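**Student:** sequence? don't have it. structure:
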């Protein structure tokens, strides 16, 4: 029978480093995600401020006409990109 003290081995420095590395990678990922979220919010509010300043300066109709993009070009480009994708029907919900 093994002695009781041999059941509790201290982890090696390599094992401690491996666990800490995994933890630090997770923390880094979370920090980068928070940074990207903050950048998206900043861009959103910049766009809103620019839009409202344009509306105040030149009126809503002028701003809408300036921002309007031909929808047919976007649709044509999207249809070329996704032309080979087929849709799959959804399974009916169980009742």
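**Tutor:** Yep, it's here. Here the structure is a predicted model, which means the values were calculated and not measured. Residues are numbered from 1 along each chain as shown.
**Student:** C-alpha from now on. contacts and neighbour counts both.
**Tutor:** Fine.
**Student:** mind giving me the packing neighbours of the longest helix along the chain?
**Tutor:** Ranked by residue count and defined by DSSP state H, the top helix of the chain is helix 13-58. Here helix 13-58 touches helix 60-67, going by 3 or more C-alpha pairs under 8 Å, 6 or more residues apart in numbering; DSSP states H and E.
**Student:** tell me the mean pLDDT over the helix it packs on?
**Tutor:** Regarding helix 60-67, the rounded mean pLDDT is 82.
**Student:** buried set for that helix?
**Tutor:** residue 63 (16 or more other C-alpha atoms under 10 Å).
**Student:** where does pLDDT dip in the protein?
**Tutor:** Where the chain drops to pLDDT under 70, the residues are 1-7, 69-95.
**Student:** give me that answer again for 80
**Tutor:** 1-8, 67-95 (pLDDT under 80).
**Student:** quick one: the longest helix of the chain to helix 60-67, angle?
**Tutor:** 130 degrees (axes from the mean of the first three to the mean of the last three C-alpha atoms, to 10 degrees).
**Student:** for residue 59, grab phi and psi.
**Tutor:** phi 90, psi 150 (degrees, to the nearest 10).
**Student:** OK, contacts around it?
**Tutor:** Not one residue lies near residue 59 by C-alpha atoms under 8 Å, 6 or more residues apart in numbering.
**Student:** what separation is there between residue 56 and residue 48?
**Tutor:** 12 Å (C-alpha to C-alpha, to the nearest Å).
**Student:** do the same with residue 23
**Tutor:** 38 Å.
**Student:** what is the burial count for residue 55?
**Tutor:** Per other C-alpha atoms under 10 Å, the neighbour tally for residue 55 reads 15.
**Student:** that should have said residue 47, apologies.
**Tutor:** 12.
**Student:** got the contact list for it?
**Tutor:** Per C-alpha under 8 Å, 6+ apart, neighbours of residue 47: none.
**Student:** now with 10 Å, please.
**Tutor:** 41, 53 (C-alpha atoms under 10 Å, 6 or more residues apart in numbering).
**Student:** where's it relative to residue 28, distance?
**Tutor:** Applying C-alpha to C-alpha to residue 47 and residue 28 gives a distance of 29 Å.
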